[in-house]
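Asker: fold the following and give me the result.
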Amino acid sequence: MMNQTIVKRKGTFLLTDTDWHTRAIQLIVGILMLALYLWIGTGVLSLLLHLPDILKNGWAYVAEHIIIDIVLILAVLELIRILQSYLTLGRVKVTFILDVALVVLIGELIGLWYKEYTLLEVGLHITVIAVLTLLRIVSIRFSPDAVD
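Answerer: The predicted structure follows:
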């Protein structure tokens with residue numbers, strides 16, 4: 001009897017224990033996912049619209065934009081994967097965040113090919129990518145979900 005009273009009092013003070021909080025978070029994440037799907041759609045449309053420009057501007061100019069658009073679309077897909085894991089697991093896996101960071105940084109490194117860059121910029125990009133790759137390997141190896 002006493003335990004039920006304590007549980008009722010505790011539930012009244014913790015707003016995060018209620019069902020409305022979970023539903024509100026799911027609604028917000030759902031809206032974010034819809035926005036990301038629209039962003040992907042505009043990215044694919046932009047990619048398709050750049051294809052006819054090959055005849056006008058040459059292959060190198062258009063290839064730069066197509067590659068950057070594809071990398072951005074992949075980064076957005078990784079963000080959707082993070083949101084989906086949050087909805088299903090109730091938490092975000094570190095490996096998913098590292099995947100997004102790696103995709104974006106590799107896209108930036110590819111973007112350096114089409115710009116003037118210094119050796120220091122390339123070295124910093126490669127160093128950060130290497131560190132994030134090592135972090136990803138460590139996070140997979142020591143994950144609580146890993147089966148020994």
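Asker: which residue is nearest the middle of the chain?
Answerer: The structure's the chain has its C-alpha centroid closest to Leu79; by CA atoms, centre = their mean the separation is 2.8 Å.
Asker: residues contacting that one?
Answerer: Leu36, Val100 (CB atoms under 8 Å, 6 or more residues apart in numbering). C-beta here means a position set from N, CA and C on the backbone, and glycine is covered the same way.
Asker: check which helix or strand it maps to.
Answerer: Assigned by DSSP states H and E, Leu79 belongs to helix 59-89.
Asker: so what's the gap between that helix and the chain middle?
Answerer: Relative to its parent chain, helix 59-89 has a centroid offset of 8 Å by CA atoms, centre = their mean, to the nearest Å.
Asker: is Met65 in contact with Leu51, as I believe?
Answerer: No, residue 65 isn't Met; it's His. No. His65 is not in contact with Leu51 according to CB atoms under 8 Å; the separation is 10.1 Å.
Asker: comparing the two, which residue is more hemmed in?
Answerer: Using other CB atoms under 10 Å as the criterion, His65 and Leu51 rank with His65 on top: 16 against 10.
Asker: OK, contacts around the more buried one?
Answerer: Contact analysis of His65 by CB under 8 Å, 6+ apart lists His50.
Asker: report the secondary structure element holding Asp99.
Answerer: Going by DSSP H and E, Asp99 is part of helix 94-112.
Asker: only alpha carbons, please: show that helix as CSV.
Answerer: Presented in CSV, the C-alpha positions along helix 94-112 are these (Å, rounded to 0.1, in the frame of the first residue of the first chain):
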residue,chain,number,x,y,z
VAL,A,94,27.7,6.1,-31.4
THR,A,95,28.6,4.2,-34.5
PHE,A,96,25.8,5.8,-36.4
ILE,A,97,27.0,9.3,-35.4
LEU,A,98,30.6,8.4,-36.4
ASP,A,99,29.2,7.1,-39.8
VAL,A,100,27.6,10.5,-40.5
ALA,A,101,30.8,12.4,-39.5
LEU,A,102,32.9,10.1,-41.7
VAL,A,103,30.6,10.5,-44.7
VAL,A,104,30.6,14.3,-44.4
LEU,A,105,34.4,14.5,-43.9
ILE,A,106,35.1,12.2,-46.8
GLY,A,107,32.8,14.4,-48.9
GLU,A,108,34.8,17.5,-47.8
LEU,A,109,38.0,15.7,-48.7
ILE,A,110,36.6,14.9,-52.2
GLY,A,111,35.5,18.5,-52.5
LEU,A,112,39.1,19.6,-51.9
